[in-house]
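> Based on what follows, work out the 3D shape:
(chains A and B)
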Amino acid sequence: MFRNNYDNDSVTFSPQGRIFQVEYAQEAVKQGSVVVGIVSKTHAVLAALKRNAEELSSYQKKIIEIDTHYGIALAGLASDARVLSNFMKQQSLASRLTYDRPMQLADITARIGDRAQINTQQYGKRPYGVGLLIAGVDATGPHLFEFQPSGVTQEMVACGIGARSQMARTYLERNLEQFEGSNREELIRHALRALKESLSQDKELTVDNTSLGVVGTGDAKERFRLFEGTEIQSWLETTFENQGSTQEGEGMDVDK
Amino acid sequence: MNHFPHGWGRPRDDVYGAYNHAYLQPDGSKQHTQSPIVTGTSVIAVKFKDGVVIAADNLASYGSLARFTDVKRLRRFNSRVVLGFGGDVSDMQHLDRLLSTLSIREDYSSTASESDNAARELNARNLHTYLAKVMYKRRSEFNPLWNAILVVGLDGESQPFLATVDLLGTTFSAPTLATGFGAHLAQPILRRAVPDEAAVAEMTREKAVGVVRECMKVLFYRDARSIDKYSMAVVEKEKEVELVEDEQLEQQSWAFAEGIKGYGTQTV
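Okay, here's the model as predicted:
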């Protein structure tokens, strides 16, 4: 009668040693649209593909500024990301208020990791259905962390999560050597190119469906800022200008 | 006037009859510290080019009685922060435990590699902000920690940092600072040596230590709650904290006391 007896809650193992509810939560991340993050020696960049439910609706927000020195990009359930981002904002403000110290990225990542893990081990709770890329700068330089519904967190040089993100990761792996020495503009272009790799054939990056988050440290210090709409037009133009001619003039629209 | 605090704010027995204690237990009004008991006197500190010098004597007084003569009132927090406590000694010990808890929590939460630790650990500004919040919270509960604290060390940019916080949560920062009696007796001497931030850049470690020793001597001469044993710490860029807790006041000269008239049993 039942296809699977072991996926009713997040506290029951299957005989194979799996926890299905956690795996389902990880599927929710794969349903979300793709987000990419890269760090160099001086910058951290997030790029995201926004989706709209229908032609007439607005686009779902994918990048959230948490504090002046970092932000997150989400893939999966936006409502769960809202809960986590509110928690992160509150913790970051508390750190500034009590210690006059910007929150360390490794610390805040560990805190949401711990929170998410508890949800996979207590009866009546469910895992968060969202994956996050946490990118920013702190006292120890630029950082990028990946967060998964299971509570697993990892520091990354470059990362992509969400639907068809394997294509983006392949691009990132191929260009891995270049990231560390990249300047701000080069890093943004890499992020946009990685994002484009994950797009299906009939889709394009436009000013409407693309978000960028940029933050810098050291001599290139700048606060975390979200770029959307016409602000990213020139980056889209300069990043994909060469590809238009090779793809049967498909990119000509973008060039204009 | 009813002089018993547990009667305050309650209906008067002679007007309303005896209070029915079934409603509220007669354990009296909550008592908070209304004055310090065992106290430490001045703490003084001065910035120099690459760091800060701080000093406080080793006496804890019980009123005017020199009760404990070996109390350490400077505390090293980590490789770049030292704290100096004036005021109530038991409240100092409470803060000491609080800071130990904080230190352990910080050490366990740091997941990064060894090389990053210097950038991650709390600096002097972080600690001063934290203490200011603790002191202000306690005074807002009408239960203040009866201390004046100097926080010295290096800030996030590894620049010399010197600031104070007192029992009200008031914060202040200057190139030279002194708490208690030192604010009247030592501060003018310190200011003559280091009048402003521009003078800090010219100040050497040797001269700063010299002027602090001079101030400790003046304080011993004129502050009746002081002793000639003191602790001194130097926090300097790229160096470990140097904390000496058994300094002895050298080259005292009481000749000036002969000429002072107008008090005690003298007939002028």
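> Give me the neighbour count for residue 72.
Defaulting to chain A. Burial of A:I72 is recorded as 29 neighbouring residues (other C-beta atoms under 10 Å in any protein chain shown). In short, each C-beta sits where N, CA and C put it, glycine included.
> my question was about chain B
When neighbours are counted by other C-beta under 10 Å, B:K72 comes out with 16.
> Surely it and B:L59 touch.
No - B:K72 lies out of contact with B:L59 (C-beta atoms under 8 Å); the separation is 10.9 Å.
> For the stretch 101-250 of chain A, which segments count as strands?
Chain-ordered strands for the stretch 101-250 of chain A, with DSSP state E, counting those that start in this stretch as the definition, fall at A:130-138, A:141-147, A:153-155, A:158-161, A:210-216, A:222-228.
> Pipe these into a markdown table and attach mean neighbour count and mean pLDDT per row.
A markdown table is the format used below for the strands of the stretch 101-250 of chain A (neighbours: other C-beta atoms under 10 Å in any protein chain shown; pLDDT from 0 to 100):
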| stretch | mean neighbour count | mean pLDDT |
| --- | --- | --- |
| strand A:130-138 | 28 | 97 |
| strand A:141-147 | 22 | 97 |
| strand A:153-155 | 17 | 97 |
| strand A:158-161 | 26 | 98 |
| strand A:210-216 | 23 | 98 |
| strand A:222-228 | 17 | 97 |
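> Please tabulate the ones you listed in CSV and include distance to A:A78 as additional columns.
Compiled in CSV, these are given as follows (distance: least, C-beta to C-beta, whole Å):
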stretch, distance to A:A78
strand A:130-138, 8
strand A:141-147, 15
strand A:153-155, 20
strand A:158-161, 14
strand A:210-216, 13
strand A:222-228, 16
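> Output the ones you listed as JSON lines; include the columns distance to chain B.
Shown next, in JSON lines, are the strands of the stretch 101-250 of chain A (distance: least, C-beta to the nearest C-beta, whole Å):
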{"stretch": "strand A:130-138", "distance to chain B": "8"}
{"stretch": "strand A:141-147", "distance to chain B": "9"}
{"stretch": "strand A:153-155", "distance to chain B": "10"}
{"stretch": "strand A:158-161", "distance to chain B": "18"}
{"stretch": "strand A:210-216", "distance to chain B": "17"}
{"stretch": "strand A:222-228", "distance to chain B": "16"}
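> Let me know the distance separating A:T239 from chain B.
Using C-beta to the nearest C-beta, to the nearest Å, A:T239 is found at 33 Å from chain B.
> Got phi/psi on the closest residue in space to A:R115 that isn't next to it in sequence?
Leaving aside its chain neighbours, A:R115 sits nearest to A:F87 (7.0 Å; criterion: C-beta to C-beta, 6 or more residues apart in numbering or on different chains). A:F87 adopts backbone torsions of phi -60, psi -40, taken as degrees, to the nearest 10.
> Can you show me the helices along the stretch 51-200 of chain B?
For the stretch 51-200 of chain B, the helices defined by DSSP state H, counting those that start in this stretch cover B:89-109, B:117-120, B:124-140, B:182-185, B:187-193, B:197-202.
> Just say which of those helices is most tucked in.
helix B:124-140 (a mean of 21; mean count of other C-beta atoms under 10 Å in any protein chain shown).
> Hey, what's the angle from it to helix B:89-109? Just curious.
Inter-element angle recorded for helix B:124-140 and helix B:89-109: 130 degrees (by axes from the mean of the first three to the mean of the last three C-alpha atoms, to 10 degrees).
> Flag every residue of the stretch 1-150 of chain A that's near chain B.
Applying C-beta under 8 Å from any C-beta of the partner chain, we find that the stretch 1-150 of chain A lies next to chain B at A:L97, A:T98, A:Y99, A:D100, A:R101, A:Q104, A:A106, A:D107, A:A110, A:A139, A:T140.
> Most neighbours of all those residues, which one?
With neighbours set by other C-beta under 10 Å, the maximum within the residues of the stretch 1-150 of chain A next to chain B is found at A:Q104, which has 24 neighbours.
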